[in-house]
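Asker: Sequence first, predicted coordinates after that:
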Protein chains: 2
Amino acid sequence: MPDTDVPGPMPASLPIALDAMGGDYAPEEIVAGAVQAVREHGIPIVLVGEPRPLMEALSLHDALAEIPIIRAEEALAMDEGALASLRRPRSSIAVACHLVRRGDACAVVSAGSTAGIVATGKLRLRSQNGVLRPALTVALPTRPTPTVLLDAGANAEVKPEMLVQFAHLGAAYAETVLEITDPGIGLLTIGSEPEKGNKLVKRAHELLSAAPGLRFAGNIEGHDLLTGAVDVIVTDGFTGNVALKTMEGSVRYAFTELRETINESRAARLGGLLQRKRLRELVQRLDPEVHGGAVLLGLNGTVVIAHGSSQAKGVSAACVLAARLARQGVVTRIGERLGAAHRPHRLW
Amino acid sequence: MPDTDVPGPMPASLPIALDAMGGDYAPEEIVAGAVQAVREHGIPIVLVGEPRPLMEALSLHDALAEIPIIRAEEALAMDEGALASLRRPRSSIAVACHLVRRGDACAVVSAGSTAGIVATGKLRLRSQNGVLRPALTVALPTRPTPTVLLDAGANAEVKPEMLVQFAHLGAAYAETVLEITDPGIGLLTIGSEPEKGNKLVKRAHELLSAAPGLRFAGNIEGHDLLTGAVDVIVTDGFTGNVALKTMEGSVRYAFTELRETINESRAARLGGLLQRKRLRELVQRLDPEVHGGAVLLGLNGTVVIAHGSSQAKGVSAACVLAARLARQGVVTRIGERLGAAHRPHRLW
C-alpha cells in the first residue's frame, strides 16, 4: 500500500477501508465521519476515493496527517446497481474490498448503493467457505438488547437450507457484537404453529428444529419483530426487506398522525416537542442503516453499509460497528459455527 | 327460514347473518353489537347460534322482538382451524354461510377464528366463477381515503395470475365501498424498478402492466403502505400478513417507547395524555380487524371477519361494513371485472 502510513499486520490495529465516494453527502460528510471515528473513537481509517477532493476535505479538518488516502479512479453512482458494480473494478467500493482481501484493512464501510455494495462485496471478497449466500443483517432497536434480523434484502429468493445458515450468521453477530450467549432463533412466518406459513418456512422449521448448535425458539410473527421475543430472526430477503421498510413507514406514519394532536393545546405542544424529538429518534433507530448500518455477513471480510443519506455521525457509527465486528472476529465465528454445523449432518 | 320475521327477498333489506358464537366475548358482546347495528344503523340482523343463551342475551337488551335467531347446534372454538371447520356442517359459521347461499341473508359476519371462517366460507359459499383464490382484504387507515391491501393472509402460496385477480378484487372493493373511481394498483415488492423482487412479483409486474381494466401504478415498497401512494396494494398472503402484523407491532412499539418520555415532565404528561389516547386509537385503526374487519373477497357472498376480541362496537362496525359491501354489490362488481378481464385474453 504505497504512500500511506497504514498500521502493520496486527488485526486489531488494521484500519477500516472507508469508501469516501459513496453516499448522498460524499465526500464531505464521509470525510467528516472518518475524522470523528479517528479522533473520538480511536479507530484507524483509510479513505478510498479520488485523492484531490479528499485531501481538500481532510484539510478542512486539519486531518491530512491523520488519515491516509488510497486512490480509486471511479465511483458507483447511488442509482447504479449490481451490474454496474461488476463493470467497475476500480470503483472506490471495489478498491476498499480489495484492501480487505489483501489484508491491508480489517473491514469495509460504505454509504453507497446497497445493491452495488452487495454485488461488489460478493465478487471481490467472495463468500466464506460453506456459506451458500451472504445475508444483509440489521439490529432492531429492541430492549434490553437489540434483535438481529436477516436477510434484510440481499436474497429475494432463498432455499430452506439458507435460512438455517442465516440463523448461524445471525447467531455469530449476536454472540460477537451483542455479547449474547446461546442466542434464541425465531423464524418469521404467519402463525405460531409449526405448520403455518409457506413451503419455504415449513421446511425451514423442520430443519431449524433439528439443527445442532442453534437454540431454535420456533415461529414468530410480524408483531413480534420489536418485542425482543428472540435474539435472532431469520427470513428470506424479500419478506425481511418488506418488514423492515414497513416498520420504518409505520413509525413515520405514527409520527405524522401525532403532529395533529400536538397542535391541539399549549400543554400538548410542550409535551409534543419532547415527544416529537423522541419519535424522530425512533424513526432513526428503526432505520436499519442509520444506527450503525446493515452488515453483509458471510463474506471473507466485514462489510458495513451505512445509510445513503448518512452524515458524519452516521458514518462514524458505521465505522464503530465495523471495527467491533472485525475485532470480535465475526468472520471467524461464522466459520466455526458453519464448520460445526457441517460435521454432524450435511444439509446440502 | 322458520320462526323468524326476516324481511323479504329484496336484497337491500336482507339481513346480515351474524355468527353469534364466534369470538372471545361471544355471545354477550356479539349480541350487544347486533343490537347496536339494528338500533343505531338500521341494519337488519339474524343471530346464528344456540338459541337459549342468545335469547337470554337479547332479553337483557329488551331486543327479543327485534332480532331473530337461527339455530346452530355447534360452534368453532377460537383455536380450531381449517380442518375442524370442515367437520362441523352445523357450526354457527357454517349455518350463517348457508343462509347467504340460500338467499336468506346478504352477508356473513363472524368474530371467530380466521382460519376456520376462511375454510368454512370457501366450502359453503364457493368461489365466484373465474376466481382462482378468494383473498383476505383489509383497508389501511391512510388519508384522505383508506388503502386496500390484499391478500392479508388467506393464501400463503400464490401464482402471479392470482395477484392480477387480487388487483381486480381490491379494485372492486375500492370502487364499491370507498367510492374511488379507477383505483391505482400497486405491487408490494422490494424496489421501485420493474425487475426488483422475487420471481413471483417480477412475473406479476409483467401481467399487471398488460392487464386491461386495471390502472397499474407499478411497484411499491414497505414504507409506502401507509402513505396512500396507491388505492390498492396486492401481495401474496404470506408477505401481506407479515407486513400487516409488522405495522401493528411497530405502532405499539412507538407507543411503548413514548410512554417513557411522557413521564419526563408535567407538560409532557398533559400533552402525553392526549397523545396516548391518539396512539391507542392509531393502534386500533391499524388493527385490520377492528376498523370494520377483514373481508374475504371472491366468494359467492360477502364474509366479514371481525377481530376475535371484538366487543359490541367492533361487531357493530363489522355489520355496517358487511351491509355496505352487500348493498354496493361488491360480489357483482367482482364478477363484472373478472368477466371483463377474461374476455380480452385468457390468463389461465
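Answerer: Yes, it's here.

Asker: which residues in the stretch 101-250 of chain A form helices?
Answerer: A:114-125, A:160-176, A:199-210, A:237-262 (DSSP state H, counting those that start in this stretch).

Asker: pLDDT below threshold where in chain A?
Answerer: A:1-12, A:81, A:258-292, A:341-348 (pLDDT under 70).

Asker: Using JSON lines, lay out the helices of the stretch 101-250 of chain A together with mean neighbour count and distance to B:Met162.
Answerer: Where C-beta positions appear, they are placed from N, C-alpha and C, glycine not excepted. What follows is the helices of the stretch 101-250 of chain A, written out as JSON lines (neighbours: other CB atoms under 10 Å in any protein chain shown; distance: least, CB to CB, whole Å):
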{"stretch": "helix A:114-125", "mean neighbour count": "24", "distance to B:Met162": "28"}
{"stretch": "helix A:160-176", "mean neighbour count": "25", "distance to B:Met162": "23"}
{"stretch": "helix A:199-210", "mean neighbour count": "18", "distance to B:Met162": "16"}
{"stretch": "helix A:237-262", "mean neighbour count": "23", "distance to B:Met162": "17"}
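
Asker: nearest to chain B, of those?
Answerer: Chain B lies closest, by CB to the nearest CB, to one member of these: helix A:237-262, at 2.9 Å.

Asker: all strands of the stretch 201-348 of chain A, in order?
Answerer: Using DSSP state E, counting those that start in this stretch, the strands assigned to the stretch 201-348 of chain A run over residues A:215-220, A:232-234, A:294-297, A:302-305.

Asker: ignore the last one, the stretch 51-200 of chain A
Answerer: So, for the stretch 51-200 of chain A - with DSSP E, counting those that start in this stretch - the strands run A:69-71, A:107-110, A:135-140, A:147-150, A:184-188.

Asker: In JSON lines, list those strands along with mean neighbour count and distance to chain B.
Answerer: Shown next, in JSON lines, are the strands of the stretch 51-200 of chain A (neighbours: other CB atoms under 10 Å in any protein chain shown; distance: least, CB to the nearest CB, whole Å):
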{"stretch": "strand A:69-71", "mean neighbour count": "20", "distance to chain B": "31"}
{"stretch": "strand A:107-110", "mean neighbour count": "33", "distance to chain B": "19"}
{"stretch": "strand A:135-140", "mean neighbour count": "27", "distance to chain B": "9"}
{"stretch": "strand A:147-150", "mean neighbour count": "29", "distance to chain B": "11"}
{"stretch": "strand A:184-188", "mean neighbour count": "25", "distance to chain B": "6"}
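
Asker: before we move on, the earlier item: any chance of the helices of the stretch 101-250 of chain A in a markdown table, with distance to chain B too?
Answerer: A markdown table is the format used below for the helices of the stretch 101-250 of chain A (distance: least, CB to the nearest CB, whole Å):
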| stretch | distance to chain B |
| --- | --- |
| helix A:114-125 | 8 |
| helix A:160-176 | 13 |
| helix A:199-210 | 6 |
| helix A:237-262 | 3 |
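
Asker: could I get those as TSV with distance to B:Lys199?
Answerer: Putting the helices of the stretch 101-250 of chain A into TSV (distance: least, CB to CB, whole Å) gives the following:
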stretch	distance to B:Lys199
helix A:114-125	18
helix A:160-176	16
helix A:199-210	13
helix A:237-262	10
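
Asker: of those, which approaches B:Gln128 most closely?
Answerer: Of all the helices of the stretch 101-250 of chain A, it is helix A:199-210 that lies closest to B:Gln128, at 26.8 Å by CB to CB.

Asker: Next, the angle helix A:160-176 makes with that closest one.
Answerer: Here the directions of helix A:199-210 and helix A:160-176 differ by 50 degrees (axes from the mean of the first three to the mean of the last three CA atoms, to 10 degrees).

Asker: Just the C-alpha atoms of helix A:199-210, please, in CSV.
Answerer: What follows is helix A:199-210 as a C-alpha-only set of coordinates in CSV (Å, rounded to 0.1, in the frame of the first residue of the first chain):
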residue,chain,number,x,y,z
LYS,A,199,-43.5,-24.2,1.8
LEU,A,200,-40.2,-22.4,2.5
VAL,A,201,-40.8,-21.7,6.2
LYS,A,202,-42.5,-25.0,6.8
ARG,A,203,-39.4,-26.9,5.6
ALA,A,204,-37.1,-24.4,7.3
HIS,A,205,-39.0,-25.0,10.6
GLU,A,206,-38.2,-28.7,10.3
LEU,A,207,-34.5,-28.0,9.5
LEU,A,208,-34.1,-25.5,12.3
SER,A,209,-35.7,-27.8,14.8
ALA,A,210,-33.2,-30.5,14.0
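
Asker: Show me the contact partners of it.
Answerer: A:158-161, A:163-164, A:167, A:185, A:187-189, A:194-197, A:214, A:216, A:218-219, A:234, A:236, A:347, B:157, B:238 (CB atoms under 8 Å, 6 or more residues apart in numbering or on different chains).

Asker: give me that answer again for 7 Å
Answerer: Under the criterion CB atoms under 7 Å, 6 or more residues apart in numbering or on different chains, residues A:160-161, A:163-164, A:167, A:185, A:187, A:189, A:194-195, A:214, A:216, A:219, A:236, A:347, B:157 lie in contact with helix A:199-210.

Asker: contacting residues around A:Pro194?
Answerer: A:205, A:219.

Asker: hmm, 10 Å instead?
Answerer: Neighbouring residues of A:Pro194 by CB atoms under 10 Å, 6 or more residues apart in numbering or on different chains: A:187, A:201-202, A:205-206, A:209, A:218-219.

Asker: got it, and A:Val331?
Answerer: Counted by CB under 10 Å, 6+ apart, A:Val331 has contacts A:106-107, A:125, A:128, A:172, A:176, A:297-302, A:325.

Asker: middle-most residue in chain A, spatially?
Answerer: Geometric centre of chain A, nearest residue: A:Ala294, 1.6 Å, by CA atoms, centre = their mean.

Asker: Name whatever forms a beta bridge with that residue.
Answerer: Per DSSP bridges, the residues bridged to A:Ala294 are A:Ile305.

Asker: Could you verify my assumption that it touches A:Val148?
Answerer: No: using CB atoms under 10 Å, A:Ala294 makes no contact with A:Val148, being 11.0 Å away.

Asker: can you list residues touching both of those two?
Answerer: Common neighbours of A:Ala294 and A:Val148 (CB under 10 Å, 6+ apart) are A:137-139.

Asker: Dump those to a markdown table, plus distance to B:Ala229.
Answerer: Shown next, in a markdown table, are the shared contacts of A:Ala294 and A:Val148 (distance: CB to CB, whole Å):
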| residue | distance to B:Ala229 |
| --- | --- |
| A:Thr137 | 28 |
| A:Val138 | 24 |
| A:Ala139 | 28 |
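
Asker: what does the domain assignment say about chain A?
Answerer: A:11-131+A:298-328, A:135-288 (automatic domain parsing).

Asker: Could you name the stretch from these that's closest to B:Gly329?
Answerer: So among the domains of chain A, domain A:135-288 is nearest, using CB to CB, at 31.1 Å.

Asker: Determine how far that closest one lies from the middle of the whole chain.
Answerer: Mean-position distance between domain A:135-288 and its chain equals 14 Å (CA atoms, centre = their mean, to the nearest Å).

Asker: before we move on, back to that, tell me the one of the contacts of A:Pro194 nearest A:Val330?
Answerer: Using CB to CB, the shortest approach to A:Val330 within these belongs to A:Leu187, at 21.9 Å.

Asker: now the closest one, which residues is it bridged with?
Answerer: In this entry, A:Leu187 is beta-bridged to A:Asn219, A:Val234, by DSSP bridges.

Asker: Quickly check the contacts of helix A:199-210 for the two that are furthest apart.
Answerer: Top of the distance list for the contacts of helix A:199-210 (CB to CB): A:Leu214 and B:Glu157, 25.8 Å.

Asker: Between these two, which has more neighbouring residues?
Answerer: Taking other CB atoms under 10 Å in any protein chain shown, A:Leu214 and B:Glu157 do not tie; A:Leu214 has more neighbours (23 against 14).
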